[in-house]
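1. Got a predicted structure plus its sequence, pasted below:
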Amino acid sequence: MKNIAAALMLVLSILTMKSAEIVCGDWSGKLNVGPQSLTIVLHITQHGDSLVSLLDSPDQGASGIPTSSTSFSSDSTLKVAIDMLHASYTAKLQPDGKSLVGIFNQMMNFDLTLTKISKEDEANLTKRPQDPVPPLPYKSDEVKFVDKIDGDTLAGTLTYPASGNKFHAVVLVNGSGAQNRNEEIFGHRPFLVLSDYLTRHGIAVLRYDDRGIGQSSGTTKGTTTVNMSHDAEAALDFLAAQKCVDKNRIGIIGHSEGGMIALIEAANNPKVKFIATLAAPGVKGDSLMKKQNEMIIKANGLNPDAATLSIIGRLYSILANSSSLEKKKEELKSFLQITPQLIGNNIDINEAVEAYCSPWMLYFVNYDPTENIRRVKCPVLAMNGTLDGQVDCETNLGAIINGIKGGNLTAKRYEGLNHLFQHCNGWVGSMNYGSFKETMSEEVMSDIATWILNLK
(Lines give C-alpha, C1' and ligand atoms only; values in the text may rest on other atoms or scores of the structure.)
Protein backbone atom coordinates (compact mmCIF):
# COMPACT_ATOMS: atom_id res chain seq x y z
CA MET A 1 0.00 0.00 0.00
CA LYS A 2 2.86 2.38 0.84
CA ASN A 3 4.43 1.71 -2.56
CA ILE A 4 1.10 2.48 -4.28
CA ALA A 5 0.76 5.74 -2.32
CA ALA A 6 4.33 6.75 -3.16
CA ALA A 7 3.77 5.99 -6.83
CA LEU A 8 0.54 7.99 -6.79
CA MET A 9 2.33 10.97 -5.25
CA LEU A 10 5.02 10.74 -7.94
CA VAL A 11 2.37 10.68 -10.70
CA LEU A 12 0.59 13.67 -9.17
CA SER A 13 3.90 15.53 -8.91
CA ILE A 14 4.68 14.84 -12.56
CA LEU A 15 1.17 15.93 -13.61
CA THR A 16 1.52 19.14 -11.63
CA MET A 17 4.87 19.88 -13.26
CA LYS A 18 3.37 19.16 -16.70
CA SER A 19 0.35 21.39 -16.03
CA ALA A 20 2.64 24.19 -14.90
CA GLU A 21 4.38 24.14 -18.28
CA ILE A 22 1.31 25.65 -19.95
CA VAL A 23 1.62 28.84 -17.90
CA CYS A 24 5.29 29.33 -18.70
CA GLY A 25 6.16 32.04 -21.19
CA ASP A 26 5.77 35.78 -21.61
CA TRP A 27 2.48 37.50 -20.73
CA SER A 28 1.46 41.11 -21.26
CA GLY A 29 -1.48 43.36 -20.42
CA LYS A 30 -2.59 46.85 -19.42
CA LEU A 31 -2.99 47.87 -15.78
CA ASN A 32 -5.35 50.84 -15.45
CA VAL A 33 -4.46 52.97 -12.41
CA GLY A 34 -6.61 56.08 -12.38
CA PRO A 35 -5.83 57.95 -15.61
CA GLN A 36 -2.66 55.93 -16.16
CA SER A 37 -2.51 52.81 -18.28
CA LEU A 38 0.67 50.85 -17.59
CA THR A 39 1.93 47.94 -19.65
CA ILE A 40 2.79 44.95 -17.46
CA VAL A 41 4.89 42.02 -18.71
CA LEU A 42 5.24 38.82 -16.68
CA HIS A 43 7.95 36.29 -17.59
CA ILE A 44 7.32 32.80 -16.16
CA THR A 45 9.84 29.98 -16.39
CA GLN A 46 10.16 26.56 -14.80
CA HIS A 47 13.26 25.63 -12.80
CA GLY A 48 13.13 22.01 -11.68
CA ASP A 49 9.94 21.57 -9.66
CA SER A 50 9.44 25.32 -9.18
CA LEU A 51 8.13 28.25 -11.16
CA VAL A 52 10.08 31.51 -11.25
CA SER A 53 8.82 34.81 -12.63
CA LEU A 54 10.11 38.31 -13.33
CA LEU A 55 8.02 41.44 -13.81
CA ASP A 56 8.56 44.28 -16.30
CA SER A 57 6.89 47.67 -16.39
CA PRO A 58 8.24 48.97 -19.73
CA ASP A 59 6.20 52.18 -19.56
CA GLN A 60 8.17 53.05 -16.42
CA GLY A 61 11.50 51.82 -17.78
CA ALA A 62 11.61 48.98 -15.22
CA SER A 63 12.52 45.41 -16.11
CA GLY A 64 13.51 42.21 -14.36
CA ILE A 65 11.73 43.03 -11.10
CA PRO A 66 12.14 39.86 -8.98
CA THR A 67 9.08 38.18 -7.53
CA SER A 68 9.02 36.42 -4.17
CA SER A 69 7.04 33.34 -5.14
CA THR A 70 5.14 31.91 -8.10
CA SER A 71 2.74 28.98 -7.99
CA PHE A 72 0.25 27.35 -10.36
CA SER A 73 -2.35 24.99 -8.92
CA SER A 74 -4.33 22.15 -10.44
CA ASP A 75 -7.41 24.39 -10.74
CA SER A 76 -5.44 26.67 -13.12
CA THR A 77 -4.87 29.42 -10.54
CA LEU A 78 -1.65 31.42 -10.82
CA LYS A 79 -0.39 33.23 -7.73
CA VAL A 80 2.57 35.63 -7.85
CA ALA A 81 3.90 37.57 -4.85
CA ILE A 82 6.05 40.67 -5.44
CA ASP A 83 7.13 41.57 -1.91
CA MET A 84 9.49 44.39 -2.89
CA LEU A 85 6.51 46.25 -4.42
CA HIS A 86 4.09 45.19 -1.66
CA ALA A 87 2.07 43.66 -4.49
CA SER A 88 0.59 40.39 -5.71
CA TYR A 89 -1.16 38.95 -8.76
CA THR A 90 -3.76 36.17 -8.64
CA ALA A 91 -5.31 34.95 -11.90
CA LYS A 92 -7.05 32.06 -13.63
CA LEU A 93 -5.61 30.60 -16.81
CA GLN A 94 -8.42 30.50 -19.34
CA PRO A 95 -9.32 27.23 -21.14
CA ASP A 96 -7.66 28.39 -24.37
CA GLY A 97 -4.35 28.70 -22.50
CA LYS A 98 -3.75 32.12 -24.04
CA SER A 99 -4.93 34.52 -21.33
CA LEU A 100 -4.76 35.03 -17.57
CA VAL A 101 -7.69 36.88 -15.98
CA GLY A 102 -7.13 38.13 -12.46
CA ILE A 103 -6.47 40.81 -9.87
CA PHE A 104 -3.30 42.83 -9.29
CA ASN A 105 -3.15 44.09 -5.70
CA GLN A 106 -1.00 46.99 -4.56
CA MET A 107 -2.80 48.75 -1.72
CA MET A 108 -5.93 48.41 -3.91
CA ASN A 109 -7.31 45.75 -6.26
CA PHE A 110 -7.00 46.33 -10.01
CA ASP A 111 -8.31 44.08 -12.78
CA LEU A 112 -5.45 42.76 -14.90
CA THR A 113 -5.76 40.44 -17.87
CA LEU A 114 -2.52 39.15 -19.37
CA THR A 115 -2.23 37.65 -22.84
CA LYS A 116 0.53 35.32 -23.97
CA ILE A 117 2.92 37.06 -26.35
CA SER A 118 5.87 36.20 -28.56
CA LYS A 119 9.36 37.66 -28.23
CA GLU A 120 8.66 39.80 -31.30
CA ASP A 121 5.47 41.15 -29.71
CA GLU A 122 7.43 41.98 -26.56
CA ALA A 123 10.05 43.91 -28.54
CA ASN A 124 7.32 45.98 -30.17
CA LEU A 125 5.85 47.01 -26.79
CA THR A 126 8.49 49.70 -26.23
CA LYS A 127 8.72 51.12 -29.75
CA ARG A 128 7.61 54.74 -30.16
CA PRO A 129 7.18 56.56 -33.51
CA GLN A 130 9.68 59.32 -32.69
CA ASP A 131 12.47 56.98 -31.56
CA PRO A 132 15.42 57.43 -33.96
CA VAL A 133 16.06 54.54 -36.33
CA PRO A 134 19.63 53.72 -37.51
CA PRO A 135 21.56 54.50 -39.57
CA LEU A 136 21.89 57.93 -37.98
CA PRO A 137 23.27 60.93 -39.94
CA TYR A 138 25.58 62.04 -37.13
CA LYS A 139 28.33 60.73 -34.86
CA SER A 140 27.65 59.11 -31.49
CA ASP A 141 30.28 58.37 -28.84
CA GLU A 142 29.90 56.46 -25.58
CA VAL A 143 31.69 58.53 -22.95
CA LYS A 144 32.51 58.65 -19.24
CA PHE A 145 33.43 61.56 -16.98
CA VAL A 146 34.00 62.09 -13.25
CA ASP A 147 32.08 64.27 -10.81
CA LYS A 148 35.16 65.60 -8.99
CA ILE A 149 33.10 66.90 -6.06
CA ASP A 150 31.29 63.67 -5.16
CA GLY A 151 33.63 61.22 -6.89
CA ASP A 152 31.14 59.32 -9.08
CA THR A 153 31.90 58.26 -12.64
CA LEU A 154 29.05 59.09 -14.96
CA ALA A 155 28.40 57.39 -18.29
CA GLY A 156 26.65 58.98 -21.21
CA THR A 157 26.32 59.49 -24.94
CA LEU A 158 27.74 62.41 -26.89
CA THR A 159 26.14 63.06 -30.28
CA TYR A 160 27.42 65.65 -32.76
CA PRO A 161 27.18 66.43 -36.49
CA ALA A 162 29.21 64.24 -38.84
CA SER A 163 31.08 67.20 -40.33
CA GLY A 164 32.26 70.58 -39.10
CA ASN A 165 33.25 71.73 -35.61
CA LYS A 166 32.78 74.43 -32.98
CA PHE A 167 29.15 73.49 -32.56
CA HIS A 168 26.62 74.93 -30.16
CA ALA A 169 26.40 72.31 -27.41
CA VAL A 170 24.07 71.32 -24.59
CA VAL A 171 23.96 69.01 -21.58
CA LEU A 172 20.58 67.36 -20.97
CA VAL A 173 19.70 67.08 -17.25
CA ASN A 174 17.03 64.59 -16.15
CA GLY A 175 14.03 65.29 -13.98
CA SER A 176 13.30 63.79 -10.55
CA GLY A 177 13.89 60.13 -9.81
CA ALA A 178 16.63 57.76 -10.87
CA GLN A 179 16.67 57.85 -14.67
CA ASN A 180 18.89 56.74 -17.49
CA ARG A 181 20.41 58.99 -20.15
CA ASN A 182 17.25 58.80 -22.27
CA GLU A 183 15.09 59.97 -19.32
CA GLU A 184 13.09 56.81 -19.99
CA ILE A 185 9.61 56.88 -18.51
CA PHE A 186 6.32 55.16 -19.36
CA GLY A 187 7.87 53.62 -22.48
CA HIS A 188 9.02 57.01 -23.80
CA ARG A 189 12.62 58.22 -24.19
CA PRO A 190 12.27 62.03 -24.25
CA PHE A 191 15.99 62.79 -24.13
CA LEU A 192 16.80 60.24 -26.85
CA VAL A 193 14.23 61.92 -29.11
CA LEU A 194 15.32 65.46 -28.18
CA SER A 195 19.03 64.73 -28.60
CA ASP A 196 18.37 63.18 -32.00
CA TYR A 197 16.39 66.24 -33.13
CA LEU A 198 18.95 68.76 -31.89
CA THR A 199 21.93 66.89 -33.33
CA ARG A 200 20.25 66.60 -36.74
CA HIS A 201 19.98 70.41 -36.60
CA GLY A 202 23.68 70.97 -35.90
CA ILE A 203 23.88 70.97 -32.10
CA ALA A 204 26.17 68.71 -30.04
CA VAL A 205 24.35 66.98 -27.17
CA LEU A 206 25.56 65.17 -24.07
CA ARG A 207 23.07 63.07 -22.12
CA TYR A 208 24.04 60.82 -19.21
CA ASP A 209 22.79 58.18 -16.78
CA ASP A 210 21.99 59.45 -13.29
CA ARG A 211 24.42 58.24 -10.62
CA GLY A 212 23.73 54.63 -9.70
CA ILE A 213 21.73 54.07 -12.89
CA GLY A 214 22.73 52.36 -16.14
CA GLN A 215 26.50 52.51 -16.50
CA SER A 216 27.07 55.32 -13.98
CA SER A 217 28.65 54.52 -10.61
CA GLY A 218 27.44 55.68 -7.21
CA THR A 219 23.99 55.56 -5.68
CA THR A 220 20.88 57.72 -5.55
CA LYS A 221 20.45 56.92 -1.85
CA GLY A 222 20.96 59.99 0.30
CA THR A 223 21.41 62.32 -2.66
CA THR A 224 19.73 65.70 -3.08
CA THR A 225 19.31 68.23 -5.87
CA VAL A 226 22.70 69.65 -4.83
CA ASN A 227 24.45 66.36 -5.64
CA MET A 228 22.67 66.17 -8.98
CA SER A 229 23.82 69.71 -9.77
CA HIS A 230 27.42 68.54 -9.14
CA ASP A 231 26.90 65.83 -11.76
CA ALA A 232 25.50 68.39 -14.22
CA GLU A 233 28.53 70.63 -13.62
CA ALA A 234 30.85 67.69 -14.33
CA ALA A 235 28.96 67.00 -17.56
CA LEU A 236 29.28 70.64 -18.57
CA ASP A 237 33.05 70.60 -17.92
CA PHE A 238 33.43 67.42 -19.98
CA LEU A 239 31.41 68.84 -22.87
CA ALA A 240 33.35 72.12 -22.86
CA ALA A 241 36.61 70.16 -23.26
CA GLN A 242 35.51 68.47 -26.50
CA LYS A 243 37.26 69.70 -29.66
CA CYS A 244 34.04 69.73 -31.67
CA VAL A 245 32.38 72.14 -29.22
CA ASP A 246 32.47 75.93 -28.98
CA LYS A 247 32.84 76.42 -25.23
CA ASN A 248 31.50 79.95 -25.57
CA ARG A 249 28.21 78.55 -26.87
CA ILE A 250 27.56 75.80 -24.35
CA GLY A 251 24.49 75.44 -22.15
CA ILE A 252 22.08 73.22 -20.25
CA ILE A 253 18.61 71.94 -21.07
CA GLY A 254 16.86 70.67 -17.95
CA HIS A 255 13.49 68.98 -17.56
CA SER A 256 11.47 69.40 -14.34
CA GLU A 257 13.98 69.11 -11.46
CA GLY A 258 16.62 69.20 -14.19
CA GLY A 259 15.32 72.67 -15.06
CA MET A 260 15.78 73.67 -11.44
CA ILE A 261 19.37 72.41 -11.67
CA ALA A 262 19.87 74.40 -14.88
CA LEU A 263 18.82 77.56 -13.03
CA ILE A 264 21.17 76.74 -10.12
CA GLU A 265 24.10 76.24 -12.50
CA ALA A 266 23.27 79.35 -14.53
CA ALA A 267 23.24 81.44 -11.36
CA ASN A 268 26.56 80.09 -10.05
CA ASN A 269 28.64 78.76 -12.94
CA PRO A 270 30.07 81.27 -15.47
CA LYS A 271 30.73 78.42 -17.92
CA VAL A 272 26.97 78.20 -18.54
CA LYS A 273 26.31 80.49 -21.51
CA PHE A 274 22.57 79.73 -21.85
CA ILE A 275 19.87 77.45 -20.45
CA ALA A 276 16.54 76.09 -21.62
CA THR A 277 14.09 74.87 -18.99
CA LEU A 278 11.30 72.39 -19.63
CA ALA A 279 8.70 72.61 -16.82
CA ALA A 280 11.17 73.93 -14.25
CA PRO A 281 9.99 74.62 -10.69
CA GLY A 282 9.91 78.34 -10.01
CA VAL A 283 8.46 78.32 -6.48
CA LYS A 284 9.41 76.78 -3.14
CA GLY A 285 9.17 72.99 -3.06
CA ASP A 286 6.40 72.63 -0.47
CA SER A 287 4.14 74.98 -2.46
CA LEU A 288 4.89 73.09 -5.67
CA MET A 289 4.10 69.72 -4.06
CA LYS A 290 0.81 70.95 -2.59
CA LYS A 291 -0.32 72.18 -5.99
CA GLN A 292 0.96 69.01 -7.67
CA ASN A 293 -1.18 66.82 -5.42
CA GLU A 294 -4.20 68.99 -6.17
CA MET A 295 -3.62 68.65 -9.92
CA ILE A 296 -3.13 64.87 -9.68
CA ILE A 297 -6.55 64.60 -8.04
CA LYS A 298 -7.95 66.79 -10.81
CA ALA A 299 -6.31 64.60 -13.46
CA ASN A 300 -8.15 61.64 -11.95
CA GLY A 301 -11.44 63.37 -12.78
CA LEU A 302 -12.13 64.54 -9.21
CA ASN A 303 -12.45 67.93 -7.55
CA PRO A 304 -10.40 68.05 -4.34
CA ASP A 305 -12.47 69.28 -1.41
CA ALA A 306 -11.27 71.68 1.27
CA ALA A 307 -10.64 68.88 3.78
CA THR A 308 -8.40 66.98 1.34
CA LEU A 309 -6.43 70.11 0.47
CA SER A 310 -6.01 70.85 4.18
CA ILE A 311 -4.57 67.36 4.79
CA ILE A 312 -2.14 67.73 1.88
CA GLY A 313 -1.13 71.18 3.07
CA ARG A 314 -0.50 69.92 6.58
CA LEU A 315 1.73 67.09 5.30
CA TYR A 316 4.09 69.43 3.46
CA SER A 317 4.01 71.99 6.25
CA ILE A 318 5.39 69.32 8.59
CA LEU A 319 8.15 68.45 6.11
CA ALA A 320 9.05 72.11 5.61
CA ASN A 321 9.05 73.21 9.25
CA SER A 322 12.28 74.02 11.08
CA SER A 323 12.13 71.34 13.77
CA SER A 324 14.86 68.71 14.14
CA LEU A 325 14.73 65.58 12.00
CA GLU A 326 13.67 63.38 14.92
CA LYS A 327 10.88 65.75 15.97
CA LYS A 328 9.80 66.06 12.35
CA LYS A 329 9.55 62.26 12.09
CA GLU A 330 7.57 62.04 15.33
CA GLU A 331 5.13 64.71 14.19
CA LEU A 332 4.79 63.11 10.77
CA LYS A 333 4.18 59.65 12.24
CA SER A 334 1.42 60.99 14.49
CA PHE A 335 -0.15 62.78 11.52
CA LEU A 336 -0.01 59.71 9.25
CA GLN A 337 -1.65 57.57 11.92
CA ILE A 338 -4.79 59.70 11.66
CA THR A 339 -4.54 60.13 7.86
CA PRO A 340 -3.79 56.57 6.60
CA GLN A 341 -5.12 57.54 3.15
CA LEU A 342 -1.75 59.23 2.55
CA ILE A 343 0.17 55.96 2.67
CA GLY A 344 -2.27 53.17 1.76
CA ASN A 345 -3.25 50.08 3.69
CA ASN A 346 -0.29 47.84 2.90
CA ILE A 347 2.55 50.29 3.60
CA ASP A 348 4.30 50.21 6.95
CA ILE A 349 3.96 53.61 8.62
CA ASN A 350 7.63 53.69 9.65
CA GLU A 351 8.68 53.05 6.04
CA ALA A 352 6.38 55.86 4.93
CA VAL A 353 7.93 58.25 7.45
CA GLU A 354 11.45 57.41 6.26
CA ALA A 355 10.41 57.90 2.63
CA TYR A 356 8.81 61.27 3.31
CA CYS A 357 11.86 62.31 5.35
CA SER A 358 14.46 61.22 2.82
CA PRO A 359 17.30 63.69 2.22
CA TRP A 360 16.01 64.36 -1.30
CA MET A 361 12.44 65.11 -0.20
CA LEU A 362 13.43 67.32 2.73
CA TYR A 363 15.81 69.33 0.55
CA PHE A 364 13.28 69.65 -2.26
CA VAL A 365 10.33 70.84 -0.15
CA ASN A 366 12.54 73.39 1.60
CA TYR A 367 14.35 74.71 -1.46
CA ASP A 368 13.23 78.12 -2.73
CA PRO A 369 14.62 78.88 -6.23
CA THR A 370 13.75 82.59 -6.07
CA GLU A 371 17.25 83.86 -5.27
CA ASN A 372 18.98 81.70 -7.90
CA ILE A 373 16.42 82.72 -10.52
CA ARG A 374 17.07 86.39 -9.71
CA ARG A 375 20.83 85.89 -10.15
CA VAL A 376 20.65 84.30 -13.63
CA LYS A 377 22.21 86.63 -16.22
CA CYS A 378 22.65 84.37 -19.27
CA PRO A 379 19.94 83.89 -21.95
CA VAL A 380 17.06 81.68 -20.78
CA LEU A 381 14.35 79.86 -22.74
CA ALA A 382 11.63 78.85 -20.25
CA MET A 383 8.85 76.53 -21.42
CA ASN A 384 5.78 74.99 -19.77
CA GLY A 385 2.71 73.13 -20.97
CA THR A 386 -0.67 74.48 -19.87
CA LEU A 387 -1.85 70.97 -18.94
CA ASP A 388 1.21 70.09 -16.85
CA GLY A 389 -0.11 68.08 -13.90
CA GLN A 390 3.17 68.11 -11.99
CA VAL A 391 4.65 71.60 -12.35
CA ASP A 392 1.80 74.09 -12.62
CA CYS A 393 2.37 76.29 -15.66
CA GLU A 394 0.99 79.61 -14.46
CA THR A 395 2.55 79.52 -11.00
CA ASN A 396 6.03 78.30 -11.92
CA LEU A 397 6.54 79.93 -15.31
CA GLY A 398 5.12 83.11 -13.81
CA ALA A 399 7.72 83.04 -11.04
CA ILE A 400 10.55 82.61 -13.56
CA ILE A 401 9.21 85.48 -15.68
CA ASN A 402 9.02 87.72 -12.61
CA GLY A 403 12.48 86.74 -11.40
CA ILE A 404 14.64 87.06 -14.51
CA LYS A 405 15.36 90.67 -15.47
CA GLY A 406 17.35 92.39 -18.18
CA GLY A 407 15.70 91.07 -21.33
CA ASN A 408 17.51 87.72 -21.31
CA LEU A 409 14.32 85.66 -21.00
CA THR A 410 12.22 84.02 -23.69
CA ALA A 411 9.17 82.40 -22.10
CA LYS A 412 6.52 80.32 -23.81
CA ARG A 413 3.34 78.55 -22.73
CA TYR A 414 2.29 75.60 -24.89
CA GLU A 415 -1.45 75.10 -25.00
CA GLY A 416 -2.63 71.54 -24.40
CA LEU A 417 0.78 70.04 -23.57
CA ASN A 418 1.46 68.03 -20.41
CA HIS A 419 4.55 67.62 -18.21
CA LEU A 420 6.37 65.59 -20.89
CA PHE A 421 5.33 68.13 -23.56
CA GLN A 422 2.95 65.70 -25.21
CA HIS A 423 -0.38 66.79 -26.70
CA CYS A 424 -3.14 65.48 -24.45
CA ASN A 425 -6.93 65.53 -24.24
CA GLY A 426 -7.66 67.77 -21.26
CA TRP A 427 -6.88 67.33 -17.58
CA VAL A 428 -8.26 63.79 -17.44
CA GLY A 429 -5.55 61.93 -19.30
CA SER A 430 -2.94 64.70 -18.99
CA MET A 431 -0.77 62.40 -16.87
CA ASN A 432 -1.47 59.23 -18.83
CA TYR A 433 1.96 59.54 -20.44
CA GLY A 434 2.33 55.95 -21.60
CA SER A 435 -0.88 55.96 -23.65
CA PHE A 436 0.30 58.66 -26.07
CA LYS A 437 2.28 57.75 -29.18
CA GLU A 438 3.96 61.15 -29.18
CA THR A 439 7.09 61.41 -27.04
CA MET A 440 7.65 65.17 -27.35
CA SER A 441 6.00 67.93 -29.34
CA GLU A 442 7.83 68.73 -32.59
CA GLU A 443 7.00 72.40 -32.04
CA VAL A 444 8.82 72.42 -28.70
CA MET A 445 11.93 70.73 -30.13
CA SER A 446 11.93 73.09 -33.11
CA ASP A 447 11.65 76.12 -30.82
CA ILE A 448 14.58 74.90 -28.72
CA ALA A 449 16.82 74.26 -31.74
CA THR A 450 15.95 77.59 -33.40
CA TRP A 451 16.49 79.55 -30.18
CA ILE A 452 19.90 77.95 -29.50
CA LEU A 453 21.17 78.40 -33.06
CA ASN A 454 20.14 82.07 -33.04
CA LEU A 455 22.24 82.78 -29.93
CA LYS A 456 25.35 84.85 -30.62
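-> That came through fine.
2. all contacts plus neighbour counts: C-alpha atoms, from now on.
-> Fine.
3. Report pLDDT for the closest residue to residue 31 other than its chain neighbours.
-> Once flanking residues are discounted, residue 31 sits nearest to residue 38: 5.1 Å by Cα to Cα, 6 or more residues apart in numbering. Residue 38 is assigned 82 on the pLDDT scale.
4. Residue 373 - nearest residue in space that isn't next to it in sequence?
-> Leaving out its chain neighbours, the residue that sits closest to residue 373 by Cα to Cα, 6+ apart is residue 403, at 5.7 Å.
5. re earlier: so the residue nearest to residue 31: helix, strand or coil?
-> Classification of residue 38 by DSSP: H, G, I helix; E, B strand; the rest coil places it in strand.
6. go on, residue 323?
-> Classification of residue 323 by three-state DSSP places it in coil.
7. ok now do it, which residues does it touch?
-> Counting by Cα atoms under 8 Å, 6 or more residues apart in numbering, residue 323 touches no other residue.
8. can you do 10 Å?
-> 329, 331 (Cα atoms under 10 Å, 6 or more residues apart in numbering).
9. again with residue 419
-> Taking Cα under 10 Å, 6+ apart as the contact definition, residue 419 lies against 255-256, 278-280, 384-393, 430-431, 433, 440.
10. hmm, back to that, residue contacts, the residue nearest to residue 31?
-> Residues in contact with residue 38 (Cα under 10 Å, 6+ apart) are 29-32, 57-60, 186-187, 432-435.
11. So which of these is surrounded by the most neighbours?
-> residue 433 (27 neighbours; other Cα atoms under 10 Å).
12. Report the spatially nearest residue to it, omitting neighbours in sequence.
-> Closest residue to residue 433 apart from its sequence neighbours, by Cα to Cα, 6+ apart: residue 186 at 6.3 Å.
13. For the stretch 301-450 of the chain, which residues score under the pLDDT cut-off?
-> Residues of the stretch 301-450 of the chain that meet the criterion pLDDT under 70 lie in 344-346.
14. about what we covered before: closest to residue 76 out of the contacts of residue 38?
-> Using Cα to Cα, residue 29 comes nearest to residue 76 of the contacts of residue 38, at 18.6 Å.
15. can you pull out the strands in the stretch 101-250 of the chain?
-> 108-117, 138-146, 153-161, 167-173, 204-208, 245-255 (DSSP state E, counting those that start in this stretch).
16. Look at residue 105 and say how many residues are nearby.
-> Neighbours of residue 105 (other Cα under 10 Å): 19.
17. for residue 456, same thing?
-> Residue 456 has 6 nearby residues by other Cα under 10 Å.
18. what residues are up against it?
-> 248, 249.
19. Leaving out the residues flanking it, which one is nearest to the residue most central in space within the chain?
-> Residue closest to the average C-alpha location in the chain (Cα atoms, centre = their mean): residue 185, at 4.7 Å. Leaving aside its chain neighbours, residue 185 sits nearest to residue 60 (4.6 Å; criterion: Cα to Cα, 6+ apart).
20. Partner strands of whichever strand or helix holds residue 52 and their direction?
-> Following DSSP states H and E, one finds residue 52 within strand 50-57. Strand pairing for strand 50-57, determined by DSSP bridges: strand 36-47 (antiparallel), strand 62-66 (antiparallel).
21. chain center to stretch 372-386, what's the gap?
-> On the basis of Cα atoms, centre = their mean, to the nearest Å, stretch 372-386 sits 23 Å off its chain's mean C-alpha point.
22. Same question for it: list its buried residues.
-> 372-386 (16 or more other Cα atoms under 10 Å).
23. Now do residue 257, the pLDDT please.
-> The model reports residue 257 with a pLDDT of 98.
24. My error: substitute residue 106 in the last question.
-> For residue 106, the pLDDT comes out at 85.
25. pretty sure it contacts residue 31?
-> No. The pair residue 106 / residue 31 is not scored as a contact, 11.4 Å apart, by Cα atoms under 10 Å.
26. hmm, back to that, inside helices: which ones of the contacts of residue 419?
-> residue 393 (DSSP state H).
27. what does stretch 441-454 rub up against?
-> 130, 167-170, 190, 193-195, 197-203, 249-251, 253, 274-278, 379-385, 410, 412, 414, 417, 420-423.
28. Give me the distance between stretch 96-107 and the centre of its chain.
-> Centroid separation for stretch 96-107 versus its chain: 26 Å, with Cα atoms, centre = their mean.
29. go on, stretch 282-294?
-> That offset, for stretch 282-294, works out to 18 Å (Cα atoms, centre = their mean).
30. again, but for stretch 210-223
-> For stretch 210-223, the separation from the chain centroid amounts to 14 Å (computed by Cα atoms, centre = their mean).
31. for it, how far is the first residue from the last?
-> With Cα to Cα, to the nearest Å as the measure, the ends of stretch 210-223 fall 11 Å from one another.
32. how about that stretch: buried residues?
-> For stretch 210-223, the neighbour count (16+ other Cα under 10 Å) marks 210, 211, 212, 213, 214, 215, 216, 217, 220 as buried.
33. Could you find the closest non-adjacent residue to the fifth one?
-> Distances taken as Cα to Cα, 6+ apart put residue 180 closest to residue 214, at 6.0 Å, once the chain neighbours are dropped.
34. That neighbour - how many residues pack around it?
-> Neighbour count for residue 180, taken as other Cα under 10 Å: 24.
35. Now do the same for it: its pLDDT.
-> Reported pLDDT for residue 180: 93.
36. Pretty sure it sits against residue 174.
-> Yes. If you go by Cα under 10 Å, residue 180 and residue 174 touch, sitting 8.2 Å apart.
37. which neighbours do the two share?
-> Contact criterion Cα under 10 Å, 6+ apart; residues shared by residue 180 and residue 174: 191, 207, 208, 209, 210.
38. got a winner among these for most neighbours?
-> Using other Cα under 10 Å as the neighbour test, the shared contacts of residue 180 and residue 174 are led by residue 208, with 31 neighbours.
39. Could you verify my assumption that the residue nearest to residue 373 touches residue 382?
-> No. Using Cα under 10 Å, residue 403 is not in contact with residue 382; the gap is 11.9 Å.
40. Now list whatever residues contact both of those two.
-> Shared contacts of residue 403 and residue 382, defined by Cα under 10 Å, 6+ apart, are found at 397, 409.
41. ok, back up a step: doesn't residue 39 make contact with the residue nearest to the centre of the chain?
-> No. If you go by Cα under 10 Å, residue 185 and residue 39 don't touch, sitting 11.8 Å apart.
42. what sits in contact with each of these two?
-> 57, 58, 59, 60, 434.
43. would you list these in TSV and tack on distance to residue 320?
-> Shown next, in TSV, are the shared contacts of residue 185 and residue 39 (distance: Cα to Cα, whole Å):
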residue	distance to residue 320
57	33
58	34
59	32
60	29
434	32
